[in-house]
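Visitor: what follows is a predicted protein model with its sequence.
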There are 2 protein chains.
Amino acid sequence: MATAPQIRKGRKFDQVLEGARSVFLRDGFEGASVDDIARAAAVSKATLYSYFPDKRLLFMEVARQEFLRQADEALNLMNPQAPPEVMLPWAARRIIDFFTSDFGQRVFRICVAEIDRFPDIGHQFYESGPKLARARLGNYLRGACARGELRIEDIDLAADQFHELCKADLYLRSVCGYADQITEAEIARVIDGAVSMFLARYGVR
Amino acid sequence: MATAPQIRKGRKFDQVLEGARSVFLRDGFEGASVDDIARAAAVSKATLYSYFPDKRLLFMEVARQEFLRQADEALNLMNPQAPPEVMLPWAARRIIDFFTSDFGQRVFRICVAEIDRFPDIGHQFYESGPKLARARLGNYLRGACARGELRIEDIDLAADQFHELCKADLYLRSVCGYADQITEAEIARVIDGAVSMFLARYGVR
DNA sequence: CACGTTCTGAACCGCTTGGTTTGAATTTAT
DNA sequence: ATAAATTCAAACCAAGCGGTTCAGAACGTG
């Protein structure tokens, strides 16, 4: 094959990716064995190696696809015309649901755990997640400012601040394994807090 | 030996811990080989195994000590009497310096990367880091409220919000490998933003 | 110095790892 | 039905893995 891809698709390509995904997400790159992956994918090891020249490339492809999935989730479907009092709680809920979700946590974990071994992973994660989400929220905020509903000089900072406010308390508990103990009342507390702080700073009276 | 510790100290115990630390922090639990650790520690493998019955216990001891170190850094030395306009920027700087530091990043990475394999790690990390920092900042905020300098109903939420505001922009760039590209001007931007937003919400006029 | 404790290097063990090979079996398209 | 493409299972390889053993060397203390 040529230089870049070295990946060949075959009949069971998706199976291999899915099996690899489940094992890599569970055990990380080093902990995942190719035998386990082949077993999880229900293919022979020879088939797996006919698609990917080595374990590293398989991992990189799995990670790439996870990040694509993340990009799909990054605060799309925002209603540009809705007032901040409606839109901000909605966005807050979306943000919280994402980072407490199994998917959200696992894609983050790939990035953090493997960044030394695969340095480009950090870049890919940032571009497909945080940067995109900031841009989308930023677009909304820009519109709200144009309509005179908000007054923000530094849109990017404001978008980041809002994201972080939504993470108060819940994010670290989530990362530390307490995600399933988070109640609706706690979520509402954080959302109310985030929105009221944001409007205290950037709202017009 | 008895049930719990199974750890025996000897002349080169600290060397072993230091060698283990450097290799575990670099390669994670699965990626670190006991041969590498022994080499990094400049001890024989037999010595290492005379101290720790297995690799798992060695890892757990290394992680435990890293978390103790983190507890030492958690916003100690706050001046209870200083006004918020002085104390908040000071705390913000401390928070940012911590999470952008090599140590801060690595201890976080241990937690995130290994939490499936060592479920108690999340608990230890949370107790020695986020929870402690929140308590210390919360104590400060309580005092400021008592002096009439701030008005806060939910101290814990406010402390968490402040922490998260300090992480705007910088934290995720840090996690994603861009920590060395963060400028002093960017740090000042985030600190100013955090303090002004916090005071907009909780300050007295 | 003598003695007890600790550490060493080298070899060992059974097992696993990522990756390779190959003829046969299976699947798909004509 | 046939041919081509794909997949398979089983065996293989060299290297590495976590952990074990042991006689001798090194170290620290009285």
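Guide: Thanks, I have it.

Visitor: quick one: residue A:58 and residue A:37 touch, right?
Guide: Yes - distance between residue A:58 and residue A:37: 7.4 Å, which falls inside the contact criterion (Cβ atoms under 8 Å). C-betas here are computed from N, CA, C, even on glycine.

Visitor: now do the shared contacts for the two.
Guide: Counting by Cβ atoms under 8 Å, 6 or more residues apart in numbering or on different chains, the shared contacts of residue A:58 and residue A:37 are A:16, A:20, A:48.

Visitor: distance of the last one from residue B:196?
Guide: Read that as residue A:48. Separation of residue A:48 from residue B:196 (Cβ to Cβ, to the nearest Å) stands at 55 Å.

Visitor: please identify which helix or strand holds the residue minimising distance to the centre of chain A.
Guide: Among the residues of chain A, the smallest C-alpha distance to the mean C-alpha position (Cα atoms, centre = their mean) belongs to residue A:70, namely 4.3 Å. Remark: residue A:70 resides in helix A:55-73, with elements defined by DSSP states H and E.

Visitor: does DNA strand C sit close to that helix?
Guide: Yes - Helix A:55-73 comes into contact with DNA strand C when judged by Cβ under 7 Å from any atom of the strand, the residues involved being A:55, A:56.

Visitor: got the CA coordinates for that helix in PDB?
Guide: Provided in PDB are the C-alpha atoms of helix A:55-73 (Å, rounded to 0.1, in the frame of the first residue of the first chain):
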ATOM      1  CA  LYS A  55      -2.400  -2.200  16.700                       C
ATOM      2  CA  ARG A  56      -1.500   1.500  16.800                       C
ATOM      3  CA  LEU A  57      -3.200   2.300  13.600                       C
ATOM      4  CA  LEU A  58      -6.300   0.500  14.700                       C
ATOM      5  CA  PHE A  59      -6.400   2.500  17.900                       C
ATOM      6  CA  MET A  60      -5.900   5.800  16.000                       C
ATOM      7  CA  GLU A  61      -8.800   5.000  13.700                       C
ATOM      8  CA  VAL A  62     -11.000   4.100  16.700                       C
ATOM      9  CA  ALA A  63     -10.100   7.300  18.400                       C
ATOM     10  CA  ARG A  64     -10.700   9.400  15.300                       C
ATOM     11  CA  GLN A  65     -14.200   8.000  15.000                       C
ATOM     12  CA  GLU A  66     -15.000   8.700  18.600                       C
ATOM     13  CA  PHE A  67     -13.900  12.300  18.100                       C
ATOM     14  CA  LEU A  68     -16.100  12.600  15.000                       C
ATOM     15  CA  ARG A  69     -19.000  11.400  17.100                       C
ATOM     16  CA  GLN A  70     -18.200  14.000  19.700                       C
ATOM     17  CA  ALA A  71     -18.300  16.700  17.100                       C
ATOM     18  CA  ASP A  72     -21.800  15.700  16.200                       C
ATOM     19  CA  GLU A  73     -22.900  16.300  19.800                       C
END
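
Visitor: what angle do the helix or strand following it and helix A:55-73 make?
Guide: Under the assignment DSSP H and E, the closest C-terminal helix or strand after helix A:55-73 is helix A:84-100. Taking axes from the mean of the first three to the mean of the last three Cα atoms, to 10 degrees, helix A:84-100 and helix A:55-73 form an angle of 160 degrees between their directions.

Visitor: residues in contact with helix A:84-100?
Guide: Under the contact criterion Cβ under 8 Å, 6+ apart, helix A:84-100 has outside partners A:73, A:75, A:78-79, A:82, A:104-105, A:108, A:133, A:137, A:140, A:144, A:149-150, A:162-163, A:165-167, A:170-171, A:174, A:179, A:182, A:187, A:190-191, A:194-195, A:198-199, A:203.

Visitor: buried residues, it. List them.
Guide: Residues A:84, A:87, A:88, A:89, A:91, A:92, A:94, A:95, A:96, A:98, A:99, A:100 are the ones in helix A:84-100 that count as buried (16 or more other Cβ atoms under 10 Å in any protein chain shown).

Visitor: give the rounded mean pLDDT of the helix or strand that comes right after that helix.
Guide: Next helix or strand after helix A:84-100 toward the C-terminus (DSSP H and E): helix A:102-114. What helix A:102-114 shows for mean pLDDT is 93.

Visitor: report all helices and strands that helix A:102-114 contacts.
Guide: The elements that helix A:102-114 packs onto, with contact taken as 3 or more Cβ pairs under 8 Å, 6 or more residues apart in numbering or on different chains; DSSP states H and E, are helix A:13-31, helix A:55-73, helix A:84-100, helix A:120-128, helix B:102-114.

Visitor: does residue A:175 touch residue B:112 like I think?
Guide: Yes - the pair residue A:175 and residue B:112 passes the contact test of Cβ under 8 Å, sitting 6.2 Å apart.

Visitor: okay, these two: which has more neighbours?
Guide: Looking at residue A:175 and residue B:112 with other Cβ atoms under 10 Å in any protein chain shown, you find the greater number of neighbours at residue A:175, namely 24 against 21.

Visitor: how about the contacts made by the more buried one?
Guide: Counting by Cβ under 8 Å, 6+ apart, residue A:175 makes contact with A:105, A:108, B:111, B:112, B:122.

Visitor: please report the distance of it from residue A:104.
Guide: Distance from residue A:175 to residue A:104, counting by Cβ to Cβ: 10 Å.

Visitor: follow-up on the earlier one: are any of the contacts of helix A:84-100 buried, and if so which?
Guide: For those, a burial check counting by 16+ other Cβ under 10 Å picks out A:73, A:75, A:78, A:82, A:104-105, A:108, A:133, A:137, A:140, A:144, A:149-150, A:162-163, A:165-167, A:170-171, A:174, A:179, A:182, A:187, A:190-191, A:194-195, A:198-199, A:203.

Visitor: among these, name the ones in helices.
Guide: When DSSP state H is applied, the buried ones among the contacts of helix A:84-100 are split such that A:73, A:104-105, A:108, A:133, A:137, A:140, A:144, A:162-163, A:165-166, A:170-171, A:187, A:190-191, A:194-195, A:198-199 fall in helices.

Visitor: up against DNA strand D, what does chain A have?
Guide: Checking chain A against DNA strand D by Cβ under 7 Å from any atom of the strand, the hits are A:10, A:11, A:12, A:13, A:42, A:43, A:44, A:45, A:46, A:47, A:50, A:51.

Visitor: got the domain boundaries for chain A?
Guide: According to the domain assignment given by automatic domain parsing, chain A is divided into the following structural domains: A:13-53, A:67-202.
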